[in-house]
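Novice: Task: produce atomic coordinates for the following.
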Amino acid sequence: MLLPLIIGGTLGAGWIVLDRARGQTYRHLRKLTMEGLRLKKMHGPFLFMLDKFEIGRRLPVLMFRMQHAIQKMYGIQHSGEKTLLYCAEMLTYSWLMLMAGCLLSLVGDAGMGGLAGGFILGIALPLAMYKDLYTKVKRRDQEILIELPELLNRIVLLVGAGETVQRAIIHCVNSQKERDHPLYNELRKAVADWNNGYSFQQSLEQFSRRSGVQEVTIFTTTVLLNFRRGGGDFVLALRDLSHVLWEKRKAVSRAKGEQASSKLVFPMVLIFFTIVVMIGAPAFMMMNM
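Specialist: Next comes the predicted model:
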């Protein structure tokens, strides 16, 4: 029982010392708003460790991928700092799980199993957070890809009716004012940008960069290449793009349907075996009688 006491005491004392010595240095990072972070007050020591060990230089690929995902979910502004906060949140959960494992080993009947369980959870929880981040990004990208053909169809109809591209986009955004959708959220920012003095080209380029979806990049490139021409050429280019996007939407919908059906396999097998047991057990008991 000495090992859990040593590990728990070292972890607790180390956190207290680092929080008192270095925690205040990173207070400004805690003021950043980021959905899902619940333990900001405990991040100080772990932010210091990330900075001290230069985690960005030692694990450049991992940090770049995480920062790219956070840019998609929470915006480009302060994405580097938000990436550090997310890493600190993962380390905080690991620390809490290790402390809980040491406590269970000391006061419960788990013995060394409590410490082992805390160690396993201390690895599993950060990995689960990392996977959850990429699951959210993938879901966001799919939502944008599914909605983009609908948006493009509305723009084609409005431009064909005589509206300019800018007014068509503004009309589409206003018609979805109360809808919380990643595509329209980014479009609202683009509309706000050109209302605040940015050019239409700059606003669309920023919109494409924030979205981070290849199909949105194709959409913005097509619009920027053709909107100055106007007339039939512009509408024809958008219609051609619309056909391509609808095919991609069908592919995404088909893939989601296959994933949903594959998730039902295990419950169906479980129900099948339950029915077999319910029907077979009485027959087997009667045979034994």
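
Novice: by contact count, what packs against the helix or strand harbouring K82?
Specialist: K82 is part of helix 79-107, with elements assigned from DSSP states H and E. With contacts taken as 3 or more C-beta pairs under 8 Å, 6 or more residues apart in numbering; DSSP states H and E, helix 79-107 sits against helix 2-22, helix 27-30, helix 44-52, helix 60-74, helix 112-160. Using the backbone N, CA and C atoms, a C-beta is placed for each residue, glycine as well.

Novice: in it, what counts as buried?
Specialist: By 16 or more other C-beta atoms under 10 Å, the buried positions in helix 79-107 come out as 79, 81-105.

Novice: average pLDDT for that helix?
Specialist: Averaged over helix 79-107, pLDDT sits at 90.

Novice: to the chain's geometric centre, what's the distance from that helix?
Specialist: Offset of helix 79-107 from its chain centre (C-alpha atoms, centre = their mean, to the nearest Å): 20 Å.

Novice: report the angle between the axes of it and helix 60-74?
Specialist: For helix 79-107 against helix 60-74, the angle by axes from the mean of the first three to the mean of the last three C-alpha atoms, to 10 degrees is 100 degrees.

Novice: per-domain residue ranges of the chain.
Specialist: Using automatic domain parsing, the domains assigned to the chain come out as 2-140, 142-263.

Novice: For the ones you listed, which has the smallest mean pLDDT value?
Specialist: With a mean of 83, domain 142-263 has the lowest mean pLDDT of these.

Novice: Test my guess that M42 contacts T92.
Specialist: Yes: when contacts are counted by C-beta atoms under 8 Å, M42 is listed as touching T92 (5.0 Å).

Novice: that older thread, so which of the helices and strands packed on helix 79-107 is the most packed in?
Specialist: Mean neighbours per residue, mean count of other C-beta atoms under 10 Å, is largest over the helices and strands packed on helix 79-107 for helix 44-52, with a mean of 19.

Novice: Mind giving me the packing neighbours of that helix?
Specialist: Here helix 44-52 touches helix 2-22, helix 27-30, helix 79-107, going by 3+ C-beta pairs under 8 Å, 6+ apart.

Novice: Repeat the analysis, applying 6 Å as the threshold.
Specialist: Using 3 or more C-beta pairs under 6 Å, 6 or more residues apart in numbering; DSSP states H and E, the elements in contact with helix 44-52 are helix 2-22, helix 79-107.

Novice: what angle do that helix and helix 79-107 make?
Specialist: Here helix 44-52 runs at an angle of 120 degrees relative to helix 79-107 (the same axes, to 10 degrees).

Novice: quick check: angle from helix 44-52 to helix 2-22?
Specialist: Calculated by the same axes, to 10 degrees, helix 44-52 forms an angle of 80 degrees with helix 2-22.
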